[in-house]
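Student: Fold the following, please.
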Amino acid sequence: MLIRKEGFSDYGIKKENIKKSILFTLGFIAIMVLLKSIDAGGVVYFPMRNHTTIKYSLNLSFPFNLIGIMLTLLIWGIIEGIYYVVIIKKIDDLLPNTLNPWLSLAPIIFCLYNFMIHYLIRRFIEGRTYEFSLIDTITGLLLAYAMTMLRKLTNNSWGSLIYQTLQNGIGKL
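Tutor: Got it, this is the predicted structure:
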């Protein structure tokens, strides 16, 4: 963005239509929490629960635990969300426009890209196994569509940033 002298508003990070974007986000979040809860067999909602930094932060004393949680939300939520918004717009700009924005290839390409990055990190850096499930595949596509469609429908990406922050690393209560 800095090299090309692009502003945040070029990616929909602006005040215009912010309420509409957040309203759509709530719908995406409700669907995502419902799907994850069905998969887990109970109500699931604890943002960032699976992040190592949250586990460390929860073991710290006050106020360091809150500082750790806030830094994690900022870095893995908002900053990763901005990264995703930029990537998905770049992918979307490279592909031909479809008459129906829901049929765009950008969310599918982004979903595959995002999956590969997370698979490689878990498998080769963290040494964990990657568990495949239909629900995780659907919520991965939901993330990709939330990142794409909110900007397309509202011309505002704040909802995408909020969705990314709230969906990131959800685990059991």
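Student: Check the secondary structure at the residue of the chain most remote from its centre for me.
Tutor: Distance to the chain centre peaks in the chain at residue 61, reaching 28.9 Å (criterion: Cα atoms, centre = their mean). At residue 61, secondary structure determined by DSSP: H, G, I helix; E, B strand; the rest coil is coil.
Student: buried sites along the helix of greatest length in the chain?
Tutor: When the chain is parsed with DSSP state H, its longest helix is helix 18-40. For helix 18-40, burial by neighbour count (16 or more other Cβ atoms under 10 Å) applies to 18, 20-22, 24-25, 28-29, 32-33, 35-37. In short, each C-beta sits where N, CA and C put it, glycine included.
Student: now stretch 101-111
Tutor: 101, 104, 106, 107, 109, 110, 111.
Student: what's the span of it, first residue to last?
Tutor: This stretch, stretch 101-111, spans 16 Å end to end (Cα to Cα, to the nearest Å).
Student: Give me the distance from it to the chain's centre.
Tutor: Stretch 101-111 has its C-alpha centroid displaced from the chain centroid by 15 Å (Cα atoms, centre = their mean, to the nearest Å).
Student: Can you tell me what sits against it?
Tutor: 84, 87-88, 91-92, 95, 97-98, 140-141, 143-145, 147-149, 152-153 (Cβ atoms under 8 Å, 6 or more residues apart in numbering).
Student: Mark which of the buried residues of stretch 101-111 are part of helices, please.
Tutor: Using DSSP H, the buried residues of stretch 101-111 in helices are 106, 107, 109, 110, 111.
Student: Turn those into JSON lines, including distance to residue 54 and pLDDT.
Tutor: JSON lines is the format used below for these (distance: Cβ to Cβ, whole Å; pLDDT from 0 to 100):
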{"residue": "106", "distance to residue 54": "30", "pLDDT": "83"}
{"residue": "107", "distance to residue 54": "27", "pLDDT": "82"}
{"residue": "109", "distance to residue 54": "30", "pLDDT": "86"}
{"residue": "110", "distance to residue 54": "25", "pLDDT": "84"}
{"residue": "111", "distance to residue 54": "24", "pLDDT": "82"}
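Student: Count residues in the vicinity of the residue lying closest to residue 157 once chain neighbours are set aside, would you?
Tutor: Here the nearest residue to residue 157 in space, its sequence neighbours aside, is residue 12; by Cβ to Cβ, 6 or more residues apart in numbering that works out to 3.4 Å. Residue neighbour count, defined by other Cβ atoms under 10 Å, stands at 23 for residue 12.
Student: looking at it, residue 12 is touching residue 148, isn't it?
Tutor: No. Using Cβ atoms under 8 Å, residue 12 is not in contact with residue 148, being 10.7 Å away.
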